[in-house]
Structures are given as C-alpha cells and as structure tokens.
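Asker: based on what follows, work out the 3D shape:
(2 chains)
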2 protein chains.
Amino acid sequence: MEAKEKLLLYKEKVDQELNIFFDEKEKEYSQVSEFSRNFVGSLREFTLRGGKRFRAGLMFYSYKMFGGTNDDEFVKLSTFIELIQSFLLIHDDIFDNADLRRGGNTIHNIYEEEAMGDGSYDRSSFGHVMGILNGNIANQFAFEIIAGAKFQPEMLLRVTELVSIKICDVLFGQVQDYLLPLQKDFTEEEVLKIDIYKTATYTYEIPLLVGAILAGAEQEEKDLLREFAISAGIAFQIRDDILGMFGDLEKLGKPIASDIKEGKKTLLILDVIRNGTYEEQEVINSKLGKSNITNEEIDEVRNVIRDSGALNRSENLCEQYTTKAKEIFSKIERKDNEGWTFINDVVEYMIKRNI
Amino acid sequence: MEAKEKLLLYKEKVDQELNIFFDEKEKEYSQVSEFSRNFVGSLREFTLRGGKRFRAGLMFYSYKMFGGTNDDEFVKLSTFIELIQSFLLIHDDIFDNADLRRGGNTIHNIYEEEAMGDGSYDRSSFGHVMGILNGNIANQFAFEIIAGAKFQPEMLLRVTELVSIKICDVLFGQVQDYLLPLQKDFTEEEVLKIDIYKTATYTYEIPLLVGAILAGAEQEEKDLLREFAISAGIAFQIRDDILGMFGDLEKLGKPIASDIKEGKKTLLILDVIRNGTYEEQEVINSKLGKSNITNEEIDEVRNVIRDSGALNRSENLCEQYTTKAKEIFSKIERKDNEGWTFINDVVEYMIKRNI
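Answerer: Predicted coordinates for the structure are as follows:
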C-alpha cells in the first residue's frame, strides 16, 4: 500500500478518536454555558474540517518503525498534534487577517459574523478575542491528551517536554515570519531559519520524535531523526511556498495567492530578487504585500516567478532537500519495514502534493 | 512570622529562579535573532515587574503542609504558575484593550510603540500579534518547567494534566467574562461561575493541588482543597472587584476604575441593580462600559455603589466566603504547622489587601 492510502486509513482512525474526545468536551463545557459548548463545537468543526492528518500519521509510523506495539493507545495520543495544528492555524489566521482556511471560514471570522450582543462594540474585536481563546483552548487540550495517555510516565514526560520546547520554537518562528515582511532586505539564512523553526519542528520533528520516544528508540536514532526532520521540513516548506503562489482556491482551501497579499518572503521570492532582471525584481517589490492586488497583478507576479527561472530552481531545491533527507533517513536501521517504508515514501509524497 | 512576610521571603526565591530561567531562555533564543532575545526579555520584565508571587507561595506552603521536603526543587517548579499568570494577563490585557498593568505598559502596548518596519502597516495589529505570541510563549514555558522538574514522573504527569485541564477552565471563564458585558441581563449564578472558572481555579485550586499532588496527599484531602479553593477564590474575586472599583492607580498599577470602562459585570454591580433605587440603577446602566467616561462620572458610580449599600454588602459577602473557606480548611489535618498556618492566614490577608 502506498503512503497516500496508508495516510487515508490512519486519518479515519484519528478522526474517530477526535470525535470521541470532542463529544466529551462538548458535554463537559455545556455545564458552563450553551455558548461554551458551541465554542468547543467550533474547534471540533475546524479541526475535522480538512487536512490529511499527515503529522499524526507520521507519528504513528515512527512509533511502528521503532517497534511500538500499543497501537490503539497510540492513535488516541496522536490526536494531540492535530489540536496543536488547530491552535497554530487559528492564531496564524488572526496574525494574517485571513478569511478562509481549509475551504471554510477562519475561526475569528466565524465569531466576527456571529458576534453577540447589541452591536455596540467592534465585531472584529469580538472575532479576534474568540479566535485567540479558541486557539488557546486547543493548545491546552493537546497537553491534556498527552498527560492522560496510557504509556510509561517517564516517556510521557519527555513527550510533554519535547512538545512544549518545540512549540515554543514554532512560536519564535511565527515571530520571525511576521517580522520578515516588515523588513526591507532579507537573507536566505533568515528564510531557512523560519522554515526550520516554524515548519520542520512540528511537521516532522515533533511527530517523528514522539513516536521514537514512546517506542524507546536509541539516542543515536533520535539524533538522526532530528537531522532528517530539518531537510524534510525545508523541502515541505518550499513545496508549501510554491502551492501558496500557484495553487488554486478549490484545492488549497484558502484564497488564491494569499502569500503575495501577505507579503510572505520565501526562498521563491528571494530567488527572483537575487537572480531576476531589474524589471522582474521591480514587479516583485511593487506587488508583494499589496493588499488590494488585482488578479491581473497576481498573474504578473506568477509569470515573473516562472520566467525568471525561480520556480524551476525552487523545485530543484525542493528535490535536493528531499534527497538529502532520504540519505540521512537511510542510516536508520530498518527494524520494522512498514513504518520505515512509509516515512521514506511520505517525504516524496509530501513534495508532490497539490494541497 | 506573618503570611505577608513569608510571602515576601518566598517571592525573593521565586524571582531568583525566574531570573535563572530567563537567562537561559534569552541565551537560547538569541540564536534566532536579537529581536527574539529581546522578546524573551519583555516577558521577563513583565513577569518580574510586580506581583506578590501569591500563587507560587500558596503552592509551596501546600507542599509543606502535606509533608513535602524537596524545597529547592519545589521553588524551581513553582515558577511555572507565574508564567501561566503572565500568559493569562498578557492575553487578558489584549481582550480588554488595557494600556497599563503592574504599573507599566501592557505587552501589546510595548510592541505597538516599538513597532518595526517602515510604518506602512497598522501599529496596533503589530502590538496585538506580538502580545498574543508573547503570551503563548509564556504558556509553553510553564509546561516545559513542569515536565523538566525533578519529582516522580507519575506525579508530574498528574500536575501536567491538572494544569492543562484547569487552565482550560480559566479560558472558558475568560470567554464568559468577555460575553457578560455584551448581555443585557445577567444573574448571580453567571457571575459566580466566572469567578470560579476564571479566578478560583488558578489562584487557589491549581497552587493548592500541585503542592498536594507532589507531597503525596490523600484523595480526601485533595477533595477538601478543591472545595476550599472555590470559597477562597470567590472571596478573592469579590475583593478584586472592590479594588477594581475603588483602588487607586498607584497601588493597583492599572488605570483607575478600568472595570467601569470595560463594563465588567460583578457581584458589586449586580447588587446595585438588584437593591438600588431606580436612580441608582440608572447611573450604573448609563455609565458602565462607557469608554470615554469622565472622572466625575467615575466618582458618581462610586458614590452610588457606596450609598446604595452595595459596597458594604459586598464586603460582608467577602467575609462570609472567607469564613466558609476557613471552615472547610479546618477539616484538613494539621500535619505541618507552618504550612497549615500560612494557608489559613493568607486567605484573610488576601481579602484585606490593597493591591
């Protein structure tokens, strides 16, 4: 079975556990108020709305790869990363003032529209406050799931520590990611740092290491996973940047070329600035971060990225990091063939994805 | 020694450990950028700026009360509650659009003023984004401290679980607290629910139970602590409401009567609406939540609260909850006199405080 199908099967299991978890939480917080129950419901809908459960699946197959056998408990535990994902996305959408995510309204947007009261206050503030709180709740839920899991306490503590430290890294990545569009100049080093802190950490490092910790992997193996996570994470982000520029609304679930409007400074953009003609650079500098950009201007930016060769070079770079990731990964002993093969293949799958 | 002096001595120890923690974090995140190092510095300054370290002290003496002996490690661990406190205050100040806290600028205000870049974007958005992220980082730090502490892993997991669940309760309390001013009517039950969820949980329940868990207290004792926490927490909040209405800027570290401007609906306000004359009710209804309220109008509100008898009745209610709390507390066996006495006395001290 291919990585893609495996992921689809795992998604079913994770979604089932997420539903059980949210059932309990809705019941629990209905005691506070009907609004609170619905508030949990919004998080549930957002979390289950879309997504491939890629991180949860990666976590599971890392656990299998190192010989883990407590599958049912592991599925339950792995739901935490999807709640962390919701937490980060909900807040990120506030930072970016984004309206759409996974083909539906962002959380702050839902509450902006559903604003309570007599309308004597700012609806947008209401949406933001509720979005911040909704994301915070998702974050607490994640730690509750880890602490309540049925694994060795010492191992679970190491997982808690890893997650808190690494999510902190993601947050600092978000800080830098928000600052970069405000700077005039930027370097490859700065972009790569954001890719590593903001993406590699929770897309690859956390899932792989949580699986490894709970299966009792050796230190050397964990070190290799960390190294692998960085290259695989950068490849993932480059693909994400390309999709953010060329992907379409229907597949992506977010507005066309929102990265351009938000002025995101990626390796793709840096490539044009470094290697493009003066005219090409000018197009990028004048259109990037323009909130009222027209569809024609978006096409102009896309053409420049294509014609300057930046798109090709970024695709090549993505391949290079994938090759590097696989090289590192090949050093890890193949104790369990199914887990090993999944992780080896999924890196490739993730850089060929359309969503 | 009285509770107040004991608290002051404990504050010194906690602040010392917080400084050690922040030294390490500033060093660590200086690797991301100078901005990130300063970002940790802002959280450090905010956390250490003021505060009595009441919650950390309560946690310590609960630990002592149930026979805990690993004092040095416990001081380190207890710093986590101050980071949770920072997390909650930083976000709460965003929700309330507050400018001042603990006698200094709120975090979002600091970053609004220090906004980066060429000024082509909204300074207020910049402040808010940085405030949200700064608070989130404080929250992750708290979990890192718990997971890294040197106590029995099983006990630390129970602490992690308690904190994640209870902070979630606080967040739902914040949701309700934000909704209440938007409602036309409100009931005593609704206000008490907020006081319990938003205040009693992390001011009393978390500190007392963390101490009890790590000292290995019996289930029955923990049940009594939970019951005690609710009454003590309500008393604490009523005192807080009175200070929010009558305290002065210098002592409180936040603007005079900010609760009036924010339209906070407290038991104090409910009392006037229930027991005041028609004219008194009108003053409350017309001034509460008025953002451009004058100092004369604030005095008018204060006079109404005093003259209607609401202030006296609230002070009595505060005493009643304190008496109830002490009654519950007296059922807990006095294994360690120092710890027991501190907690018994500090409840009284907290309702007589001026800040």
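Asker: got a list of what A:Lys4 touches?
Answerer: Neighbour list for A:Lys4: A:Tyr349 [criterion: C-beta atoms under 8 Å, 6 or more residues apart in numbering or on different chains]. Bear in mind the C-beta positions are built from the backbone N, C-alpha and C, glycine included.
Asker: low-confidence ranges, chain A, go.
Answerer: A:116-121, A:249-256, A:355 (pLDDT under 70).
Asker: quick one: the strands in the stretch 201-350 of chain A?
Answerer: Assigned by DSSP state E, counting those that start in this stretch, the strands in the stretch 201-350 of chain A number zero.
Asker: so who does the residue of it found nearest chain B touch?
Answerer: Nearest residue of the stretch 201-350 of chain A to chain B, counting by C-beta to the nearest C-beta: A:Gly289, 8.1 Å away. If you count contacts by C-beta under 8 Å, 6+ apart, A:Gly289 has them with A:Pro181, A:Ile260, A:Lys261, A:Glu262, A:Gly263.
Asker: need those residues in a markdown table (columns: neighbour count and distance to chain B).
Answerer: Below are these laid out as a markdown table (neighbours: other C-beta atoms under 10 Å in any protein chain shown; distance: C-beta to the nearest C-beta, whole Å):
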| residue | neighbour count | distance to chain B |
| --- | --- | --- |
| A:Pro181 | 15 | 8 |
| A:Ile260 | 23 | 16 |
| A:Lys261 | 20 | 13 |
| A:Glu262 | 19 | 11 |
| A:Gly263 | 18 | 9 |
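Asker: in helices, which of these fall?
Answerer: Judged by DSSP state H, those include A:Ile260, A:Lys261 as members of helices.
Asker: excluding chain neighbours, what is closest to A:Thr269?
Answerer: Quick fix: residue A:269 reads Ile, not Thr. Nearest residue to A:Ile269 in three dimensions, chain neighbours excluded: A:Ile284, at 6.1 Å (C-beta to C-beta, 6 or more residues apart in numbering or on different chains).
Asker: the one you found and A:Tyr278, how far apart?
Answerer: 11 Å (C-beta to C-beta, to the nearest Å).
Asker: ok, now A:Leu267?
Answerer: Per C-beta to C-beta, A:Leu267 is found 21 Å from A:Tyr278.
Asker: and A:Lys352, by the same measure?
Answerer: A:Lys352 is 34 Å from A:Tyr278, by C-beta to C-beta.
Asker: which of these two has more neighbours?
Answerer: Counted by other C-beta atoms under 10 Å in any protein chain shown, A:Lys352 and A:Tyr278 do not tie: A:Lys352 has more neighbours, with 10 against 6.
Asker: flag every residue of the stretch 151-300 of chain A that's near chain B.
Answerer: A:153-154, A:156-158, A:160-161, A:163-165, A:167-168, A:171-172, A:174-176, A:178-179, A:182-184, A:193, A:197 (C-beta under 8 Å from any C-beta of the partner chain).
Asker: from these, list the buried ones, please.
Answerer: Neighbour-count burial (16 or more other C-beta atoms under 10 Å in any protein chain shown) is assigned, among those, to A:153, A:156-158, A:160-161, A:163-165, A:167-168, A:171-172, A:174-176, A:178-179, A:182, A:193, A:197.
Asker: thinking again about what came up before, restricted to helices, list the residues of the stretch 151-300 of chain A next to chain B.
Answerer: A:153-154, A:156-158, A:160-161, A:163-165, A:167-168, A:171-172, A:174-176, A:178-179, A:193.
Asker: for burial, what's the neighbour tally of A:Val304?
Answerer: Burial of A:Val304 is recorded as 21 neighbouring residues (other C-beta under 10 Å).
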